[in-house]
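> I'd like to go over a predicted model; first the sequence, then the structure.
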Amino acid sequence: MSLTRREALHQSGWILAGVLSAGSIASLVTGCGQPATSSLGDWTPAALSPDQANLLAELAETIIPKTDTAGAKDAKVHETIDDTLHLIVADDEKQRFLAGLEMVDAESQKQFGKKFTALSAGDREALVQSMADAAKQDTSDASDPFKMVYQMVLFTYCTSEVACKEVFKIDQIPGSYQGCIPFSEVGQVWAPI
């Protein structure tokens, strides 16, 4: 039996409606329970466990701390990365990302005898710096999971609304292109959008 395009679209619509209704019913059922208390506030991670999300939040804030500009927590880097892992990233890449988080805790245990989240701010900075230096020195073809975590934190922060509005200079309707002008005339790094 061959289907016409109209019949195929009609059947696809019914299938899509079934998938959407199943998701809606599931969200209603799970929404009836009591909210879990978390050190992450009202936010509940979808791809990460609460411990992994907390580790990611603290690691991101160590990489990009709050100074006179917004830090990684202000930009909700950990929430955006969790959404990215949940909705976009393939399973093998997600596992590599999680391995990078595990590397941070393993190295923390090795150097300080504690989890990363239990370290002082100075120890966290020293650990991240040593791991970043080691990742830079590694020229092997194998992808370093920590490097993936580090790069994802930086990319997510640099493309966040907070960074684009508060850290970078932005001109959504740019004028003419001027390739060689002194940095002093520009005054800031331009937003990557």
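Thanks, I have the structure now.
> start and end of stretch 44-58, how far apart?
Taking CA to CA, to the nearest Å, stretch 44-58 runs 16 Å from one end to the other.
> contact partners of that stretch?
Here stretch 44-58 makes contact (CB atoms under 8 Å, 6 or more residues apart in numbering) with 35-36, 38-40, 72-73, 77-79, 81-83, 85-86, 94, 98, 101, 104-105, 115-117, 124, 149. Bear in mind the C-beta positions are built from the backbone N, C-alpha and C, glycine included.
> and residue 189, how many residues sit next to it?
11 (other CB atoms under 10 Å).
> ignoring the adjacent residues along the chain, who's closest to it?
Counting by CB to CB, 6 or more residues apart in numbering, residue 168 is the residue found nearest to residue 189 once chain neighbours are left out, at 5.4 Å.
> what is the burial count for the one you found?
15.
> report the helix or strand with the lowest average pLDDT across this structure.
Within the chain, no helix or strand scores below helix 5-31, which has a mean of 42 by mean pLDDT, DSSP states H and E.
> check contacts around the residue most central in space within the chain.
Per CA atoms, centre = their mean, the C-alpha nearest to the average position across the chain is that of residue 81, at 2.1 Å. Contacts of residue 81 were listed using CB under 8 Å, 6+ apart, and they are 56, 60, 152-153, 156.
> relative to residue 49, how far out is residue 111?
Distance of residue 111 to residue 49, computed by CB to CB, to the nearest Å: 23 Å.
> out of these two, which sits in the busier spot?
More crowded of residue 111 and residue 49, by other CB under 10 Å: residue 111, with 14 against 11.
> need the three-state assignment for the more buried one.
Here residue 111 is recorded as helix under DSSP: H, G, I helix; E, B strand; the rest coil.
> begin at 13 from here
Sure, I'll start numbering at 13, so the last one becomes residue 123.
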